[in-house]
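*Asks:* take this sequence and fold it.
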Amino acid sequence: MSEMPPKVTDLLPFTLPDEVSKLVARAPSVVVPTSLKDLEDLAVRDADEAGWHQVSYDVPGRGMVAEVNVCRVKNGIAANYIEAYMRRRDPDCMVIGDDRPTDKPTYQSRFGASFDPLREETLEWLAGQPLAIFPFSAGIAGKGVDAVVVAPDNAGFFALGLALLQGMMTPDEVPEGFSPKAIIYVAPPFRHTHFEGKQVVVHNRCAGMHELFSYNLYPGPSAKKGIYGVLINQGEAENWITMHCSTVRVITPYENQLVISHEGASGGGKSELLEQVHRQRDGSLLLGENTVTGERRALSLPQACDLRAVTDDMALCHPSLDKGKGKLSLMDAEDAWFVRVNHLTRYGTDPHLEALTLQPPAGLLFLNIDAKPGSTAIIWEHTEDERGVPCPNPRVVIPRSVIPGIVDGSVEVDIRSFGVRCPPCTREKPTYGIIGMFHLLPPALAWLWRLVAPRGHANPSIVDSEGMSSEGVGSYWPFATGRRVDQANLLLRQIQDTPEVRYILMPNQHVGCWAVSFMPQWITREYLARRGGAKFDSSQVEASRCSLLGWNPRSLVVEGRPIGTAFFEVHSQPEVGEEAYDQGAAILADFFRRELAQFLVDDLDPLGREIIECCFRNGSVEDYQKLLDHPTIMDQ
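*Replies:* Numbers count the residues shown, from 1 in each chain. Next up, the predicted model:
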């Protein structure tokens, strides 16, 4: 007589929440992976003779519906969504299933019913599926959120992505006292039966438990941003923030060091801050190409700075990290990075990332990369949404542990930058693309940019990217579950408590009529590191023509090469001029007023109200500086 398989409760050295315990007891089978290799094997367990594992589900009224094709490649696992819509995060995917305070759409308001019946239906469906389950902890060890994922075992690639991004605990790694306070339930077919094929993630904040119901298999809204929402919710209760930023320690050829943290909406340049500057075949940097005249300008930079990455997207700013020096202390909130590679279209664009992903020391997860079973997944070969149209959101999940020179632990930030994707601006078509290569912001104005957080031009990461819209407070609002005013107040206090931090604003894609890709932030990073930070006196900067842009440098010289005034004073570009610039400034001002009005509620910090009212009356950069008078210009 064969031995009975061990019970899940025997394999996991902690007590499962009662509802999860009952669910897994009813499931036909339950897999408890003990390593990433187990999850890699699970991801392709049912592969056919050609090597393809198809993730599909029986949908009432439709039969078997295929969601994802998965295969093993030489450098990891490659997953491709069959439906192009599923290859990017839908910005409207989050709904709140409970009745706690929130400014987000609730399940009741969006779908006209209580979430409770669907919750029960989801758990009933899961109880009938072969499952995979494992524990993990989000956030700082000992101060984060203990969590468990419950997913259909045929979605092993999704579980692998979660394990890479958030870490996974094997049974012998679970610490004493581990007690889940968050659960991810994965139930893909419900997007067809209940949500007309749309991505939906429901956050249900119960007493002592944060439930996250993922009704789709793209990990962006759930395994990544869903857990981000869990951390934001914890920080809101404990008065701290998980910033939406990348962070890098920049070491100059002269061994000076500078730490820059770069915030912004999706597509705002967070991942690119961690990349070495992209060079042309002759080694020069393409500063920009004039979209009107076709003129190209290049810059020579013989030796770039050394980059030591700290965070890629989510940074914990926990009070326990503060060293009391007036700077912002933070550390990475993730175990792996969800790196977008749409800008890599040929060999040699980013040799460092190419080498790391082609022959990694451990298996990676590739999404929306055109790879075949047994091949090598190549990050510049993107799946096509349709013939001749590559997916704009190809991704690779890279564990921190394999990234050379990675900085573990916390760092103190010298400069906080904010990135904005900008369209071209010309006399014929004025737009908000009037931001110069970089601008120095007073702290009060830096706070306003974090409230309005423009999503910007041609966003590659999400489904809806037309026009100028807001990513919401902190640029992490799409992932938050509570009230925007609470996050606004937390951000303002964070800025008040870190007087030694400087703030800059940087565009990407366009500076006026010049197409520049991410060159402004690469060049600014190199320049500020070489000069020891963003400390300027009044002779080196001038108030921008648009006061929302703070100050801009009067001139800039990189390695003996001057960069023309037109890249800082966009109105001086002949193809733009003052009239088109002012129309672009009006677009920005209208956008700020529209977005800021929603923060004028009773619970807003009184200083915050003053700053917003300053914007409404077209205050000058000096007015903003006086409202929060941290040292910005050295001789002020």
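
*Asks:* what helix or strand is Leu39 on?
*Replies:* In the assignment (DSSP states H and E), Leu39 maps to helix 36-43.

*Asks:* can you map out the helices along the stretch 301-450 of the chain?
*Replies:* Using DSSP state H, counting those that start in this stretch, the helices of the stretch 301-450 of the chain run over 351-358, 443-452.

*Asks:* next, the buried residues of the helix or strand following the last one.
*Replies:* Reading on from helix 443-452 to the C-terminus, the next helix or strand found by DSSP H and E is helix 484-496. By neighbour count, and taking 16 or more other C-beta atoms under 10 Å as the criterion, the buried residues in helix 484-496 are Arg484, Val485, Asp486, Gln487, Ala488, Asn489, Leu490, Leu491, Leu492, Arg493, Gln494, Ile495. The way it works is simple: take the backbone N, C-alpha and C, and place the C-beta from them, glycine included.

*Asks:* how far off helix 443-452 does helix 484-496 point, in degrees?
*Replies:* With axes from the mean of the first three to the mean of the last three C-alpha atoms, to 10 degrees as the basis, helix 484-496 and helix 443-452 are set at 150 degrees to each other.

*Asks:* report all helices and strands that helix 484-496 contacts.
*Replies:* helix 225-238, strand 241-251, helix 443-452, helix 606-616 (3 or more C-beta pairs under 8 Å, 6 or more residues apart in numbering; DSSP states H and E).

*Asks:* any figure for the gap between the closest residue to Trp551 other than its chain neighbours and Ser572?
*Replies:* Of all residues not flanking Trp551 in the chain, Val541 sits nearest, at 4.0 Å (C-beta to C-beta, 6 or more residues apart in numbering). Distance, Val541 to Ser572, using C-beta to C-beta, to the nearest Å: 16 Å.

*Asks:* just want to know which of those two has more residues nearby.
*Replies:* Per other C-beta atoms under 10 Å, whichever of Val541 and Ser572 has more neighbours is Val541, with 20 against 17.

*Asks:* in terms of contact, does that one touch Gln625 like I think?
*Replies:* No - with contact defined as C-beta atoms under 8 Å, Val541 does not count as touching Gln625 (11.9 Å).

*Asks:* who touches both of the two?
*Replies:* Ile633 (C-beta atoms under 8 Å, 6 or more residues apart in numbering).

*Asks:* just checking: what are the partner strands of the helix or strand harbouring Ser137?
*Replies:* Using DSSP H and E, Ser137 falls within strand 131-138. Paired strands of strand 131-138, with direction, are strand 30-31 (parallel), strand 145-152 (antiparallel) (DSSP bridges).

*Asks:* can you redo those as a markdown table with mean pLDDT, mean neighbour count and distance to Gln54?
*Replies:* Below are those laid out as a markdown table (pLDDT from 0 to 100; neighbours: other C-beta atoms under 10 Å; distance: least, C-beta to C-beta, whole Å):
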| stretch | mean pLDDT | mean neighbour count | distance to Gln54 |
| --- | --- | --- | --- |
| strand 30-31 | 94 | 22 | 19 |
| strand 145-152 | 95 | 23 | 13 |
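
*Asks:* as a markdown table, those with distance to Leu285 would be great.
*Replies:* Listed next are those as a markdown table, based on distance: least, C-beta to C-beta, whole Å:
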| stretch | distance to Leu285 |
| --- | --- |
| strand 30-31 | 50 |
| strand 145-152 | 43 |
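
*Asks:* closest to Asp313 out of these?
*Replies:* With distances scored as C-beta to C-beta, the stretch of the strands paired with strand 131-138 nearest to Asp313 is strand 145-152 (17.5 Å).

*Asks:* what sits up against that closest one?
*Replies:* 16-17, 20, 23-24, 57, 126, 129-139, 158-159, 162, 166, 178-188, 210, 227, 230-231, 234.

*Asks:* report the buried members of those residues.
*Replies:* Buried, going by 16+ other C-beta under 10 Å: 16-17, 20, 23-24, 57, 126, 129, 131-139, 158-159, 162, 166, 178, 180-188, 210, 227, 230-231, 234, out of the contacts of strand 145-152.

*Asks:* show me what contacts Ile415?
*Replies:* Counting by C-beta under 8 Å, 6+ apart, Ile415 makes contact with Leu258, Val259, Ile260, Ser261, Val501, Arg502, Tyr503, Ile504, Leu528, Gly533, Ala534.

*Asks:* any idea how far Ala529 is from the residue nearest to the third one when sequence neighbours are not counted?
*Replies:* In other words, Ile260. Using C-beta to C-beta, 6+ apart and skipping residues adjacent in sequence, the residue nearest Ile260 is Ile415, 4.7 Å away. Separation of Ile415 from Ala529 (C-beta to C-beta): 9 Å.
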